[in-house]
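> return atomic coordinates for the entry below.
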Amino acid sequence: MAGLKDDDARFAYLAEGNAKQARKRVAADVLLRDQRGHIVLVNPTYKEHWDLPGGMAENNEAPRAAAVREVGEELGLSIEPGRVLVLDWIGAHGPWDDQLLFIFDGGVLSDGDAEQLAPRDPEISEVALVPLQKARQLLRADMAERVERAFQALARNTTDYAEGPW
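Model (predicted):
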C-alpha cells in the first residue's frame, strides 16, 4: 500500500503546483470570407469597434472548440475552422491579465450562408460582409493589423506569431 500513498501525495503535490501556476485567458476568432473575399465582421454591443466572429474560451475549452462554439452562438453557423493564421500573446493591460489570441481560417462561405448572415446572439447588434479596406476602418487598430497579418499568413500558407502589449 505504500505505492498508493505515494501516488496520493504526488497527486496532491502536483495539484498544489497547478493551482499556483499562471492561467491564460484565451480568445479564439475566425476569419470568414465570402466568394468575393469580403470579411465577416460582427458589431458587439459591449465594444466600441467591430470585431471578427469569435470570443473567449471557457474553462478547459480548446481554442478551436471555442471558435466553433462562438461562431455558432453569434451567427448560427456550423463551421470547421482550418489552421491557425495568427497567434498573438497580448501582455497585461488595464484590468486584464495577459492572453493568447488565435485567429483561425474559417474558409469561404457558400453564397447561401453569406446571404443568411444575421446576429443570433444578443451580444451582437449587426453582421456585415466588408472588403478589407472597410474592415480597417471598422476594426480597432490592433485587430485591423491582425486581420492584415491573417490575410498574409493565408497567402503564404503560414501562421503569424507575435508578442506585444498592443
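> going forward, measure contacts and count neighbours with C-alpha atoms only.
Fine.
> can I get the helix or strand bottoming out on mean pLDDT in the chain in CSV? Just the C-alpha atoms.
Least confident helix or strand, the chain: helix 2-20 with a mean of 75, by mean pLDDT, DSSP states H and E. Coordinates of each C-alpha in helix 2-20 appear next as CSV, following Å, rounded to 0.1, in the frame of the first residue of the first chain:
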residue,chain,number,x,y,z
ALA,A,2,3.0,2.3,0.2
GLY,A,3,2.7,3.0,-3.6
LEU,A,4,-0.9,4.2,-3.2
LYS,A,5,0.1,6.7,-0.5
ASP,A,6,3.0,7.8,-2.7
ASP,A,7,0.6,8.3,-5.6
ASP,A,8,-1.8,10.3,-3.4
ALA,A,9,1.0,12.5,-2.1
ARG,A,10,2.3,13.1,-5.6
PHE,A,11,-1.1,14.0,-6.9
ALA,A,12,-1.6,16.4,-4.1
TYR,A,13,1.8,18.0,-4.7
LEU,A,14,1.0,18.4,-8.5
ALA,A,15,-2.5,19.8,-7.8
GLU,A,16,-1.0,22.4,-5.5
GLY,A,17,1.5,23.4,-8.1
ASN,A,18,-1.2,23.6,-10.8
ALA,A,19,-3.3,25.8,-8.5
LYS,A,20,-0.3,28.3,-8.2
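> report the distance from it to the chain centre.
Its chain's C-alpha centre and that of helix 2-20 lie 34 Å apart, by Cα atoms, centre = their mean, to the nearest Å.
> got it, and stretch 153-166?
Worked out by Cα atoms, centre = their mean, stretch 153-166 lies 13 Å from the chain centre.
> ok, now stretch 149-159?
Relative to the centre of its chain, stretch 149-159 is centred 16 Å away, using Cα atoms, centre = their mean.
> what about it, average pLDDT?
What stretch 149-159 shows for mean pLDDT is 98.
> list the buried residues of it.
For stretch 149-159, the neighbour count (16 or more other Cα atoms under 10 Å) marks 149-154, 159 as buried.
> and the closest residue to Leu101 other than its chain neighbours, what element?
Excluding its sequence neighbours, the residue lying closest to Leu101 (Cα to Cα, 6 or more residues apart in numbering) is Ala27, at 4.7 Å. Assigned by DSSP states H and E, Ala27 belongs to strand 25-33.
> other SSEs contacting the helix or strand following that strand?
Scanning forward in sequence from strand 25-33 by DSSP H and E, the next helix or strand is strand 39-44. When contacts are defined as 3 or more Cα pairs under 8 Å, 6 or more residues apart in numbering; DSSP states H and E, strand 39-44 sits against strand 25-33, strand 124-130, helix 132-138.
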